[in-house]
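Enquirer: sequence first, then the predicted structure, then my questions.
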Amino acid sequence: MRSVIMFRHGKSDWDADYGLDHDRPLSKRGIKAAKKMGKYLAGLDQVPHIVVSSTALRARTTVELAMEEGNWGSEFRLERGIYGSSPETLLNLLRNLPSDNNIACLAGHEPTFSSFITMSTDSGWIRFPTASMARIDFDVLHWQDVRFGEGTLVWLMRPKELD
């Protein structure tokens, strides 16, 4: 079994002083939600073995806060290709993960993440607001065997549902 946690970045601060979209920071609400989701995942005892995050500041900060607040001991990698990517890019990224990681977390952006969930699970379109997480299970032994349409959406959690 291989599981992927899809983790959308927290709410960003549109009023902050930033140059490129890639450098937009989190808002106070985004910081709070990231921490809340980090604790949530730790409470489920489903902390990923490896976390691969977009290099965008808001995604990277979201994951760093979640990992710290939830005390995750996960390996952490940055992947520039997640920013502005396609569902196919995410699938290829998963297929290249080492097999000793059973649970992976991808941290990134919409609309790619909801599209990936839909294509992986055939669950239809889902609403995936900022700082949401979804777990998809694939009944395979190796990441390279992960395919669209063969995953199961196990759960979907939005930060507002934890209030």
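Expert: Ah, there it is. Residues are numbered from 1 along each chain as shown.
Enquirer: pLDDT (mean, whole number) over the longest helix seen in the chain?
Expert: For the chain, the helix that runs over the most residues, judged by DSSP state H, is helix 28-43. What helix 28-43 shows for mean pLDDT is 97.
Enquirer: helices of this protein, start to end?
Expert: Assigned by DSSP H, the helices in the chain fall at 28-43, 57-70, 87-95, 112-121.
Enquirer: with just CA atoms, put the first one into PDB.
Expert: The C-alpha coordinates for helix 28-43 follow below in PDB (Å, rounded to 0.1, in the frame of the first residue of the first chain):
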ATOM      1  CA  LYS A  28      -2.000  35.000   9.800                       C
ATOM      2  CA  ARG A  29      -4.900  32.800   9.000                       C
ATOM      3  CA  GLY A  30      -2.700  30.600   6.800                       C
ATOM      4  CA  ILE A  31      -0.100  30.300   9.500                       C
ATOM      5  CA  LYS A  32      -2.800  29.200  12.000                       C
ATOM      6  CA  ALA A  33      -4.300  26.700   9.600                       C
ATOM      7  CA  ALA A  34      -0.900  25.200   8.700                       C
ATOM      8  CA  LYS A  35      -0.200  24.500  12.400                       C
ATOM      9  CA  LYS A  36      -3.700  23.100  13.000                       C
ATOM     10  CA  MET A  37      -3.300  20.700  10.100                       C
ATOM     11  CA  GLY A  38       0.200  19.600  11.200                       C
ATOM     12  CA  LYS A  39      -1.300  18.600  14.600                       C
ATOM     13  CA  TYR A  40      -4.300  17.000  12.900                       C
ATOM     14  CA  LEU A  41      -2.100  14.600  10.800                       C
ATOM     15  CA  ALA A  42       0.100  13.800  13.800                       C
ATOM     16  CA  GLY A  43      -3.100  13.000  15.800                       C
END
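Enquirer: which strands or helices does it pack on?
Expert: On a contact count with 3 or more Cβ pairs under 8 Å, 6 or more residues apart in numbering; DSSP states H and E, helix 28-43 meets helix 57-70, strand 133-138. In this view, the C-beta of every residue, glycine as well, is placed from N, C-alpha and C.
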